[in-house]
Each structure stands twice: as C-alpha cells, then as structure tokens.
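Enquirer: Structure, please.
(one chain, ligands or ions: 1)
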Amino acid sequence: MAFSKNARVEDFPSDFAWGAATAAYQIEGGWDTDARSPSIWDTFCHSKGSVYKDQTGDVACNSYQLWDEDLKCIQKLGLTHYRLSFSWSRLLPDGTTRFVNPKGVAYYNKVIDDLIANTIVPMVTLNHFDLPQVLEDCGGWKSPEIAELFDSYAQFCFKTFGDRVKLWITVNEPYICAKLGYETGLFAPGIKEPGTSVYLVGHNILRAHARAWHSYNAHFRSLQGGKVSIALNSDWAEPLDPCCAEDVAATQRYIDFNLGWFACPIFGTGDYPKSMRSRIEIQNLELGFTEGPRLPKFSDDEPKPFGTADFFALNYYTSRKVKDTSSRPSELSFTGDQGAEAIIDPSWPVSGVSWLAVVPEGLRKLLKYIKDTCNNPAIYVTENGFSQMGPVELEDVDRCRFYQDTRQEVSKAIKDDGVNLKGYFSWSLMDNFEWADGFSVRFGLFHVDFSSAELKRTMYRSGREYAAVIKRHRDCTKPAN
Ligand code: GBH
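Expert: Prediction:
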C-alpha cells in the first residue's frame, strides 16, 4: 500500500521522453539586448495595469545570460528532453528574414549544441505567445498575411537549426493565444473584441501552422527527418449532472470549443467541429449578427490543416464540470457561443492559482479521448504542472504528490488504455514569469530567487523526486550486458 502512489517505471516505454519545458519570454530576459526587438509581451508588460504589480519579463530568469545555469538544472534532473521556445523577435527583429540577428542565432545554437553534447533532445516551439510587436502593428494574428510571415520564420528556423532539432512545435496553445489575447484581453496584445477576433486569430494560427508543416514536409523532412506539431491545451470536462442530457451535450461542446477547435481541423474532419459551426450560427440569428461569418472557412487555395501534425502535443493542467447555458441569453462572446459554464468541483483541491484544480485522472481520460477521436496518434504531453503561491516551500510536498499521482495516471493511460504516449514534459524547469500573474505564481522544479541579482536556482523536493524517477527508469531499461 505504501508504494501504491508510485507508478512502476517499468510501465513506461524504454525510449520514453522525460522532459521539462520553458518559454522564451518567461525565462530569457535580455528584452532589449543584442538587437532583440520588442514582442507583444514587452509592450503589454510595459503598459501599466496589465500584469500583477506591473511586473515584466525584462529580466525574468535571465536565461539569455545564464543558460549555463539552466543547463546545470537540466543535468541535475537527468532529463532526456528539454522543451524551449525561440523568441521570434530575437532571431528576426523586424519579424521578417530581411534581417537575421546573428547574436540571436548564436544564442540558440549554443543552447542546442550544449543540449546535444549532453545527449538531451531539444524540442523547440517557434512561437510561445511572444509575437514580434512590429508584426502586431500590422495586424498581428488578425491579419491574413501572418500565415506567410510565420512560414518564412519557420523555414528560417528549420534551415538554421533543423540539422539538430528534430522535434518542432509551431505555435503554443492557439486557444489561449486567441482567447486571452483577443477576446478577454488578459494576455498580450490585450485586445477585447469578444465573439469575433478570437475565431479569426484561431483561423490564422491554423493557416500559419499548416503552411509551416507543409514547408517542412516538402523541403526539410527528407533531409532532416524531424517531426512537426502544434501544442494544444485542453481541460478535461465532465457533465455537472451526468443524468441531464443538456449538460452532457454542453460538455461535448466545451471540449469541442477547447480542443476540437484545433484538433478537428488537423486530426479529425478537416473542419471546425460541427457544434461550433451550429452554435455560432444560432447565436448570429439570436443576436442579429450579420457582419460576416465569424468562424471562417478553410480556403481551397492554400495548404489546409488536415494531416499537418506528426504527433499530438498536449498541454494539460486541469478539469471542469460543465453546465448547459445554451438557452440563457448572452452577449456576443466565445462563452456565449459555447453555451456552457465551466465549474470547479468543490471536492478538487486547488493548487496555487485559482484556475488550477488538481485532477490528475483528467489527464488519463483526456489522453484516452484523444486516442479515440484523433486516430490514435503518437502523443507527447508537452506541459503539465502544479503551481505554488505565497511563501516558498522548497519541500513542496503537495507538488510532489501531484506529480506522483499524475505519473500513476499516465502509466495507466499507457498500460491499460493503450495510449501511444511518447513522453511527458513537466511545466516548468524553473520558476519563471507566469504571464499576467507575474512572479507571484511558481511552477518550477527549481526555485528561482528573483530577489537576488544572481537569480539563484535551487532544486525543489519535486525536482529531486523527478530526478529519481528518471534515474530508476534509465536503470531498469538499460540494455543488460
Ligand atoms: C500554459 O498555459 C502556458 O503554455 C505556459 O506558458 C504557462 O506558464 C502555463 O500554462 C501555466 O499557466 O483563469 O482567466 O486567470 C496554460 C493556460 C493560461 C490556463 C492562463 C489558465 C488563466 C486564465 N493557462 N489561464 S484565468
């Protein structure tokens, strides 16, 4: 019984990827160093009242200078994989390939080379929320031209780093980027245009992603042999009242509006979920909205998203109970279209931030759902983690428990549900700039002392436990000789 919480490492495939993830803006700092131009997050943070205590990522973990310290953290954990993102505006300060910043290229070359020298596999995200501000000034993700610009950036990265990087993520969490950036305005660029821009942005991200995947497929795959996907975040969801047909339908809608929005075009029908099309149509009539279709169509004149992922990249954090609200009158908004209210079950413990109800079994269920609805793809969990708020606890026993429970669920997904799970990346390698929550929320396996100039990294207990798991797994899968 005492060991029931510990997943059997033997249940994980011998080539399982044990990783941790970060994102450029959250860790790098050096926001105006060496020709880097501002991203929308620099602008957002520098405008007062957007982020907790007006904190910024100007310095963050200073990984632009302190990469060696990050590498030590990665080595101490014994990670097999490390997921990082590139800062587009560091590599291409005017957003285009007209000018390449050699210092930016040198920085990422060093990171990648050091990882490979230590037999750590890099997984690179091309854009993790930090769109170059110059491109935002021309319409950003709302502009149709962004797809081509993103494709050029992606091809530049494949060309420059693809001899060594074999796992690519085009865009991180299009759902969050579109909804928080352009619907609620809680994230950069802070635009509040409910019910309209969110779908346009989602659409242009899909177009951009599809172009980049097709470029890789046509021009790089045969030579470089890598894989390209897009990281989709999703809650798991269950009906508030399982006996209520409306709640059951609303739950499916909730998943459709979250995961299906991007997964259906890529892994499913090739189009947006039917429930999205029909709910938006109903709301248009209801609200007398006549200015255009809101949810765009995929054009026949350019690469389509269907089939444009070589694996499924899932970011999972939490779960919700869902209540139908489709007959409630609403304003023009994404949530009104969805016709569903998301509720945190009072029996679920909440970690740090209020949105993060701890539901490890939701991950197992979501993995099974993806297996069943997305044609049994190879899956990486590209993010999953547990936050702390308030006083630092280096002995982070709640986080340890969370990771133990999660590994247990993940091992069941592999062993009992036959999910083709290739790897798991914990969010995050170290405490970092947690977007609108600034430095008040800590997700790290390493603590970062933001009050000291050295930004000292110290392993949490959860980091020690993760290192032990990875080591046990390595020992038990080592070929005998
Ligand atoms: C991921 O987003 C990100 O990829 C990563 O960069 C981030 O650090 C990590 O999660 C932890 O948040 O309830 O209105 O306050 C996960 C998506 C975005 C979900 C923020 C919760 C809070 C919005 N998260 N959101 S709100």
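
Enquirer: In contact with whichever residue of the stretch 351-481 of the chain sits closest to the ligand: list those residues for me.
Expert: Per CB to the nearest ligand atom, Trp355 is where the stretch 351-481 of the chain lies closest to the ligand, at 3.8 Å. All C-beta atoms are positioned from the backbone trio N, CA, C, and that covers glycine. Contact analysis of Trp355 by CB atoms under 8 Å, 6 or more residues apart in numbering lists Tyr317, Thr318.

Enquirer: Show me the shaky parts of the stretch 101-250 of the chain.
Expert: With pLDDT under 70 as the threshold, the stretch 101-250 of the chain has no low-confidence stretch at all.

Enquirer: what are the ranges of the strands in it?
Expert: Under the criterion DSSP state E, counting those that start in this stretch, the stretch 101-250 of the chain contains strands at 121-127, 167-172, 227-233, 236-239.

Enquirer: got CSV for these, with mean neighbour count and distance to the ligand too?
Expert: Formatted as CSV, these follow (neighbours: other CB atoms under 10 Å; distance: least, CB to the nearest ligand atom, whole Å):
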stretch, mean neighbour count, distance to the ligand
strand 121-127, 24, 9
strand 167-172, 26, 5
strand 227-233, 25, 5
strand 236-239, 22, 13
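
Enquirer: any chance of those in a markdown table, with distance to Arg457 too?
Expert: Output for these, formatted as a markdown table (distance: least, CB to CB, whole Å):
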| stretch | distance to Arg457 |
| --- | --- |
| strand 121-127 | 19 |
| strand 167-172 | 23 |
| strand 227-233 | 25 |
| strand 236-239 | 32 |
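
Enquirer: what about the strands in the stretch 301-450 of the chain?
Expert: For the stretch 301-450 of the chain, strands defined by DSSP E, counting those that start in this stretch occupy the ranges 312-315, 319-324, 340-343, 379-383, 388-389, 421-427, 441-442, 446-448.

Enquirer: can those go into a markdown table with extra columns for mean pLDDT and mean neighbour count?
Expert: As requested, the strands of the stretch 301-450 of the chain are exported to a markdown table (pLDDT from 0 to 100; neighbours: other CB atoms under 10 Å):
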| stretch | mean pLDDT | mean neighbour count |
| --- | --- | --- |
| strand 312-315 | 99 | 26 |
| strand 319-324 | 98 | 23 |
| strand 340-343 | 98 | 20 |
| strand 379-383 | 99 | 26 |
| strand 388-389 | 96 | 18 |
| strand 421-427 | 98 | 24 |
| strand 441-442 | 98 | 24 |
| strand 446-448 | 98 | 24 |
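
Enquirer: Just put the ones you listed in a markdown table and tack on distance to Gly30.
Expert: As requested, the strands of the stretch 301-450 of the chain are arranged in a markdown table below (distance: least, CB to CB, whole Å):
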| stretch | distance to Gly30 |
| --- | --- |
| strand 312-315 | 25 |
| strand 319-324 | 37 |
| strand 340-343 | 37 |
| strand 379-383 | 23 |
| strand 388-389 | 26 |
| strand 421-427 | 22 |
| strand 441-442 | 21 |
| strand 446-448 | 16 |
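
Enquirer: need the ones you listed in a markdown table with distance to the ligand, can you?
Expert: Compiled in a markdown table, the strands of the stretch 301-450 of the chain are given as follows (distance: least, CB to the nearest ligand atom, whole Å):
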| stretch | distance to the ligand |
| --- | --- |
| strand 312-315 | 6 |
| strand 319-324 | 11 |
| strand 340-343 | 10 |
| strand 379-383 | 6 |
| strand 388-389 | 12 |
| strand 421-427 | 5 |
| strand 441-442 | 7 |
| strand 446-448 | 14 |
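
Enquirer: Indicate which one of these is closest to Phe16.
Expert: When the strands of the stretch 301-450 of the chain are ranked by proximity to Phe16, the top entry is strand 421-427, at 5.9 Å, counting by CB to CB.

Enquirer: what residues does the stretch 151-300 of the chain put near the ligand?
Expert: Taking CB under 6 Å from any ligand atom as the criterion, the neighbours of the ligand within the stretch 151-300 of the chain are Asn172, Glu173, Ile176, Leu186, Asn233.
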